[in-house]
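**Q** Sequence first, then the predicted structure, then my questions.
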Amino acid sequence: MTIKPLIILPDPVLRQVSTPIETVDADVRRLADDMLETMYDAPGIGLAAIQIGVARRMLVLDVSKEGDEKTPLVFINPEIVASSDTYSVYEEGCLSIPDYYAEVERPAVITVKHLDRDGKEQTIEAEGLLATCLQHEIDHLNGVLFIDHISKLKRDMVIRKFTKAAKTRGAKAI
């Protein structure tokens, strides 16, 4: 397993729409393992493949509490098939937008269809932090960032801040 470098805002790669995974094979499982190791190292609770520069529809999560046993989850080609009419608000952050947090309102309960790391179709109903995290990471697969769910003024300020920081690092901008 290998820790991969994270793609940071304003890199345009984060706006790419990821392509479906056709076959779940050893390479896909190895990518899942690398993503989990990268996520745990960061540390974070979710990571989409695009955040390490791989435009494939896969994400990993672990919303277990600190000190509890790890419960890593792998979602290949995840698709939200149902969502509740009730909403919840969580303060979200993102490994690709370090040290920035904002409250985001999302459906409180969702149903997600996906393939597991063995290529078997699964369906999960999620609520609470798991639902929020799944929606956040699925957004990444569609080129959407959590800052797209906040006011334009705040979003523009964040993008300006990260664009300025990227210039000093010599990175690409959105």
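**A** Okay, I see it.

**Q** Would you map the strands across this structure?
**A** Secondary structure of the chain by DSSP state E: the strands cover 46-48, 58-61, 73-83, 87-94, 97-107, 109-115, 121-127.

**Q** Give me whichever of these is most buried.
**A** Mean neighbour count (mean count of other C-beta atoms under 10 Å) peaks for strand 46-48 among those, with a mean of 29. In this view, the C-beta of every residue, glycine as well, is placed from N, C-alpha and C.

**Q** Mind checking the pLDDT average for it?
**A** If you average the pLDDT over strand 46-48, you get 98.

**Q** For that strand, name the packing helices and strands.
**A** Contacts defined by 3 or more C-beta pairs under 8 Å, 6 or more residues apart in numbering; DSSP states H and E place strand 46-48 against helix 26-41, strand 58-61, helix 128-141.

**Q** Redo the ones you listed as JSON lines? Include mean pLDDT.
**A** Converted to JSON lines, these look like this (pLDDT from 0 to 100):
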{"stretch": "helix 26-41", "mean pLDDT": "98"}
{"stretch": "strand 58-61", "mean pLDDT": "98"}
{"stretch": "helix 128-141", "mean pLDDT": "98"}
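
**Q** Among these, show me which one is buried the most.
**A** Comparing the helices and strands packed on strand 46-48 by mean count of other C-beta under 10 Å gives strand 58-61 as most buried, with a mean of 27.

**Q** how close does the residue lying closest to Phe162 once chain neighbours are set aside get to Cys94?
**A** By the measure of C-beta to C-beta, 6 or more residues apart in numbering, the closest residue to Phe162 outside its immediate chain neighbours is Leu9, 4.3 Å from it. Per C-beta to C-beta, to the nearest Å, Leu9 is found 8 Å from Cys94.

**Q** Quick check: neighbours shared by these two?
**A** Counting by C-beta atoms under 8 Å, 6 or more residues apart in numbering, the contacts common to Leu9 and Cys94 are Leu145.

**Q** sorry, back to before: Ile3: which of the strands of the chain is closest?
**A** strand 46-48 (11.2 Å; C-beta to C-beta).

**Q** and the longest helix for this protein?
**A** For the chain, the helix with the greatest residue count under DSSP state H is helix 152-169.

**Q** Would you indicate which residues of stretch 137-157 are buried?
**A** Buried residues in stretch 137-157, counted by 16 or more other C-beta atoms under 10 Å: 137-141, 143-147, 149-150, 155.

**Q** just those now: which is nearest Gly46?
**A** Among the buried residues of stretch 137-157, and counting by C-beta to C-beta, the member closest to Gly46 is Glu137, at 4.7 Å.

**Q** For the closest one, which residues are in contact?
**A** Contacts for Glu137 (C-beta under 8 Å, 6+ apart) come out as 46-48, 59, 61, 75, 78.
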